[in-house]
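>>> Test case, fold it:
(chains A and B)
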Amino acid sequence: MKWGLPAGPESPFSPASPFAASIAHLFAITLVVCAVIGAIVVVAIAYSLTRFRARPGSVEPEQVSGNTRLEIVWTAIPVAIVAVLFVMSIETMSRSDPPADRAPDLLVVGHQWWWEARYPSGLVTANEIHVPAGKPLLVRLEAADVIHDFWVPELARKMDAVPGHPNFFWISADAPGAYGGTCAEYCGTQHAWMRLLVVAQTPADFDAWQAAQLAPAPAPASGGAERGERVFRSDACGGCHAIAGRGFEGHVAPDLTHLASRSTLGAGVTENTPADLTAWLHDPQSIKPGCRMPDFKLADAEVDDLSTYLGALR
Amino acid sequence: MTAPAISLPAARSVTDARWFDWVGTVDHKRIGILYVCTSLFFFVVGGCEALLVRLQLAVPRAHVLSPEAFNQIFTMHGTTMIFLVVMPVLTGFANYVVPLMIGARDTAFPRINAMAYWLFPLGGLLLHFSWLAGGAPDIGWFSYAPLSEKPFTGVDHGADYWAVSLLVLGISTVASAINLVATIVALRAPGMTMRRVPLFVWMILVNSVLTVLALPALTASCVLLLVDRVFSAHLFLPSGGGSAIMWQHYFWSFGHPEVYIMALPAFGMISEVVPVFARKPIFGYAIVAGSTVAIAVLSFGVWAHHMFAVGLGRVADAAFAASSLLIAVPTGIKIFSWIATMWGGAIRLNTAMLFAVAFLVQFVLGGLSGVTFAVVPIDWQVTDTYYVVAHFHYVLFGGTAFATMAAVYYWFPKMTGRLLDERWGRVHFWMMVVGFNLTFFVQHFLGLLGMPRRVYTYPDLPHWAALNMASTIGAFVLGASSLVLLANIARSRRAGAVAGDNPWNAWTLEWATTSPPRHDNFGALPPVRNRRPLWDLAHPEAPDAPVGPDEPAGAPRPNAAKVGVLTFLASESAFFALLIVGYVFYTASSQSGPSPDNALDRARTAVFTVLLLASSVTLWQAERHHNAGRGRQSAAWLGATIALGVAFLIGQATEYGHMFESGIMVGTNLFTTTFFTLTGFHGLHVLGGLVALSIVLALALRGHLTGRLAVGLRVVGYYWHFVDVVWVVVFSVVYLRGLL
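Numbering: from 1, shown residues only, chains lettered A, B, ... in the order given. Below you'll find the model as predicted:
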């Protein structure tokens, strides 16, 4: 169970897409080749150490200083091995990372320290990317500030998000499930908590999720939520965050329109329970030190109201 | 076994020397020991940083260190271990051993050697001073832009200290490498042909050439980063039109040769230790030396394998995969040669040999995991994870550090006259082997379970906590093993068994003198007719066959000063080549604002170019008269050369002045940044040349340009002509290219 959803370990060896599977296959073959070479070398060393040890009173051994034929052989064999590995690499490159041949299905932007995802439908979300299972998506990857790296080992190769240099790669998931990942390129203070989750759903579930996410946020439904929205407005939270339908249009921080539908806060640093949300609003810096969201020093009542308001954004 | 045929006086203690003898020394042996001891100090510093990192990572969501502190400490750990431990400790052994091995009395340039050494602690102090100046660098040891740029580091100067300290260390490293090249080329004893030098000397020669050609890329990288940071330029800032990827090309074009710079001397150490303790000559001397050259050449063509995840495109990825796979072949050849050396031998498994054997096994593991990175799709999964952390620690710690330990146990008796204690040596060895493998072997699995590198903490995912705890326990065992080494050194240097000249019955010339050697290294040298002169002494009945033709007595060697300056100019050429590449790249992608067409005065600069070229002619005249013994005419031509050089600088200053007046500054756009950097560095070189010419002129006027100093004019002449040639290229690229 990961974040409440079933999935395997976040490993290149538990591939859940044809792209990751082709790499796992090549990786396994390469490791076997390396293991055989390593075993031969280790056995040869161990044999030398036992068979050719100096014994008390032993004289200097025969002074052999080379054997050209042997040297040619142990040059030629490695050349042949790496040639085979090279051919296999090239073949797997095109299978695990096919060329981009159409408009991207998804735009992912790395920020310090969270992920922004934008769909052609206009849907915007953060840190949790939903995909329809069984359908390869072409991802366009960008960076808003420094270099990040999108890595979901079960689903695809890792790819750097480089500012000024958009990259494209394919992602897909064979079966519904949650696939964890992370930023893999050191990107500053909170690199550790720049995690991401890819949620693969059946096409019907995905469509339902997309329709729900595209809906604007509802008006506050309780007194607490109403007061919370006033806090949100008066503290200028909308300068950074967007809440569609409520007049908040900031875009330098995660879109909060459906915040409560997501399973974590702060790109994986905590779960997204009401208690976690309250603690986060109370002082984000104590939970994710160095993150871009300042401590607004809100009164406890304000935090509760804000938490009520945001917690209702499903 | 037969005893060696030579026996000279018993050991003296190096501890007799007073502190000033060490501070003021230009003796390669003392400088070598200073290097090794200073590296050992920084090894403790970097090791403590590693332990802090491992402490924070022992359990998930720990609070031992803040993220800011963690990021500074892992950056300092990497930078310290690479630039203040591995490189200088290898330089230290090269300094100590190479002149002895080739039968020289010292290195070619003892004063440059001392300068190179003292720049090393200076660079280390500069780096660590950042702790007091607001915070250490927190940008990782390869300092990826734009994270290392002003907008992201804020007011902190950590990145500035990082860059300045690496510039200082770069000068130190290149100076030392030039000295070693000149020493090996020019100071070999009679009979010590290049086919007869020990393999350690071969490896150091190749390594020094590699250093001389690769370090300029680091220098250029640091210069350009500082230009960005100090002059608010945008070379590596995409928001200002620059390229973040260009930083990676610059840095890794140094960074990958660097990997071999940290490995080749270790190969050399193993190539000495294994034969002596297997009691057989190295198997396949020529192929081991030749494969070293192959590695050095290939190492310049593999840098982008650090960048497979960047998205460089299929063709680039495939090309660098091919070169990276290929470089495994010459590396593998060495492994086979070392094993074949052991095969059929009479192996004495003492501490030095134990470390050498552990090196072999661990280096093979690190090499094989390295092969998986050359297989591009695998790299796409495991780069930037703990799998790569495990890989490079197997190469650098399991490989180079273990080889260095073998070297410590092997050459300590030569350095001090006393043997390190074998019993404590074994304790040290086994703790280090267990600690090292526990720390780093599990990290392969962490990477394969999805743990990225450089995270200050992590979620409690399956197996992560247990593997991290195991790694941390291993790290503390490893740390404790170093204490055993330090205790062994402290005790043995005073109370160890007296070593004698040749405790291992080894065959190379450093064992043909006392332990420690006298100040000028040797009394009389044994004849050198093959690779093992001391074998021949010990076995007059069955000497090795001569290798290659003997040299006639007093066979001339190249002049050390000439070799030194030409090596230096090779390094300078690499530096300017990188600046020129940067100029061409950034001017091609330049945008609005000043350009070569609207900002430069071609006609005026052409006139000053003619003046500079004329100065090469006047200098040639000065040399001609000097060689013919006409001192006064020579001095007059020298004076004319200096005047022409000054005129050129005035011309350049005028051009700068006009540009500044019209508001064109270094940071204005990518063209102006690279223009001022390239022409500015050339101008600084002209200035340096003028200083050198003035010194030569002063010497000439006083009649001192004779004897040993006679080569001075020739050497400064090489430099001056070089600066002129660089200007011809710069002028063509910067001023004339737009006319085509």
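
>>> can you give me the end-to-end distance of stretch B:186-201?
13 Å (C-alpha to C-alpha, to the nearest Å).

>>> hmm, that stretch in reach of chain A?
No - using C-beta under 8 Å from any C-beta of the partner chain as the criterion, no contacts between stretch B:186-201 and chain A are found, and the smallest distance is 11.9 Å. Where C-beta positions appear, they are placed from N, C-alpha and C, glycine not excepted.

>>> How about stretch B:280-297?
Yes - under the criterion of C-beta under 8 Å from any C-beta, chain A is reached by stretch B:280-297 at B:280, B:281, B:282, B:283, B:284, B:285, B:286, B:287.

>>> got the buried residues for that stretch?
Along stretch B:280-297, the positions that meet the burial threshold by neighbour count (16 or more other C-beta atoms under 10 Å in any protein chain shown) are B:280-285, B:287-289, B:291-292, B:294-296.

>>> For these, give me TSV that also has pLDDT.
Supplementary listing: the buried residues of stretch B:280-297 in TSV, determined by pLDDT from 0 to 100:
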residue	pLDDT
B:280	96
B:281	97
B:282	97
B:283	97
B:284	95
B:285	97
B:287	95
B:288	96
B:289	96
B:291	96
B:292	96
B:294	96
B:295	96
B:296	96
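
>>> Now for the residue nearest to residue B:66 when sequence neighbours are not counted, how many residues are close by?
The spatially closest residue to residue B:66, leaving aside those adjacent along the chain, is residue A:289, at 6.0 Å (C-beta to C-beta, 6 or more residues apart in numbering or on different chains). By the measure other C-beta atoms under 10 Å in any protein chain shown, the count of residues near residue A:289 is 15.

>>> If we go by neighbour counts, what in the longest helix anywhere in chain A is buried?
With DSSP state H applied, the helix covering the greatest number of residues in chain A is identified as helix A:18-51. Neighbour counts over helix A:18-51 (16+ other C-beta under 10 Å) mark A:19-27, A:30-31, A:33-34, A:37-38, A:41, A:44-45, A:48-49 as buried.

>>> all helices of the stretch 451-600 of chain B, in order?
B:464-495, B:533-538, B:560-588, B:596-599 (DSSP state H, counting those that start in this stretch).

>>> Quick check: buried residues in the third one?
When burial is assessed from 16+ other C-beta under 10 Å, helix B:560-588 yields the following buried residues: B:560-583, B:585-587.

>>> next one: the longest one
Judged by neighbour count (16+ other C-beta under 10 Å), helix B:464-495 contains these buried residues: B:464-465, B:467-479, B:481-482, B:484-485, B:488-489, B:492-493.

>>> close enough to count as contact, residue A:155 and residue A:17?
Yes - here residue A:155 lies in contact with residue A:17, judged by C-beta atoms under 8 Å, at a distance of 4.7 Å.

>>> the more surrounded of these two?
Each of residue A:155 and residue A:17 has its neighbours counted (other C-beta under 10 Å); residue A:17 has more, 26 against 22.

>>> Next, the contact list for the more buried one, please.
For residue A:17, the residues meeting the contact criterion (C-beta atoms under 8 Å, 6 or more residues apart in numbering or on different chains) are A:136, A:154, A:155, A:156, A:171, A:172, A:173, A:174.

>>> if we go to 10 Å?
Shown in contact with residue A:17 (C-beta atoms under 10 Å, 6 or more residues apart in numbering or on different chains): A:23, A:96, A:131, A:133-134, A:136, A:152, A:154-156, A:170-175, A:179, A:198, A:200.

>>> Then residue B:693?
In this structure, residue B:693 makes contact with B:615, B:619, B:622, B:638-639, B:641-642, B:645, B:713, B:716-717, B:719-720, judged by C-beta under 10 Å, 6+ apart.

>>> Those: which two are farthest apart?
Every pair in those was compared (C-beta to C-beta); the two farthest apart turn out to be B:639 and B:719, at 17.8 Å.

>>> where in chain A is pLDDT low?
Within chain A, the ranges that satisfy pLDDT under 70 run A:1-8.

>>> quick one, helices of it?
Assigned helices in chain A, in chain order: A:18-51, A:68-96, A:203-214, A:223-234, A:274-282, A:284-287, A:300-311 (criterion: DSSP H).

>>> on that earlier part again, as TSV, the helices of the stretch 451-600 of chain B with mean pLDDT and distance to chain A would be great.
Putting the helices of the stretch 451-600 of chain B into TSV (pLDDT from 0 to 100; distance: least, C-beta to the nearest C-beta, whole Å) gives the following:
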stretch	mean pLDDT	distance to chain A
helix B:464-495	97	10
helix B:533-538	96	8
helix B:560-588	96	13
helix B:596-599	88	24
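
>>> export the buried residues of stretch B:280-297 to CSV and tack on secondary structure and distance to residue A:59?
Listed next are these as CSV, based on DSSP: H, G, I helix; E, B strand; the rest coil; distance: C-beta to C-beta, whole Å:
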residue, secondary structure, distance to residue A:59
B:280, coil, 12
B:281, coil, 16
B:282, coil, 20
B:283, coil, 20
B:284, coil, 24
B:285, helix, 23
B:287, helix, 28
B:288, helix, 26
B:289, helix, 29
B:291, helix, 32
B:292, helix, 32
B:294, helix, 37
B:295, helix, 36
B:296, helix, 39
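
>>> And the furthest pair within those residues?
Distances among the buried residues of stretch B:280-297 were taken as C-beta to C-beta; the most separated pair is B:280 and B:296, at 26.6 Å.

>>> Give the burial count for residue B:23, as a bare number.
Residue B:23 sits with 11 neighbouring residues when counted by other C-beta under 10 Å.

>>> Oh, that last question was meant for residue B:539, not what I typed.
For residue B:539, using other C-beta under 10 Å, the count is 17.

>>> same question, residue B:53
Burial of residue B:53, expressed as a neighbour count using other C-beta under 10 Å, amounts to 21.

>>> Residue numbers of the stretch 101-250 of chain B in contact with chain A?
Neighbours of chain A within the stretch 101-250 of chain B, by C-beta under 10 Å from any C-beta of the partner chain: B:138-140, B:142, B:144-149, B:151-153, B:237-245, B:247-248.

>>> Just the buried ones from those?
Buried residues within these, defined by neighbour count using 16+ other C-beta under 10 Å: B:138-140, B:142, B:144-149, B:152-153, B:237-238, B:240-245, B:247-248.

>>> Strands - which of the residues you listed land there?
Among these, DSSP state E puts none in strands.

>>> Thought residue A:246 was touching residue A:218, still the case?
Yes - under the criterion of C-beta atoms under 10 Å, residue A:218 makes contact with residue A:246 at 9.0 Å.

>>> higher neighbour count, these two?
Looking at residue A:218 and residue A:246 with other C-beta under 10 Å, you find the greater number of neighbours at residue A:246, namely 20 against 12.

>>> I'd say that one and residue A:232 touch.
Yes - here residue A:246 lies in contact with residue A:232, judged by C-beta under 10 Å, at a distance of 8.3 Å.
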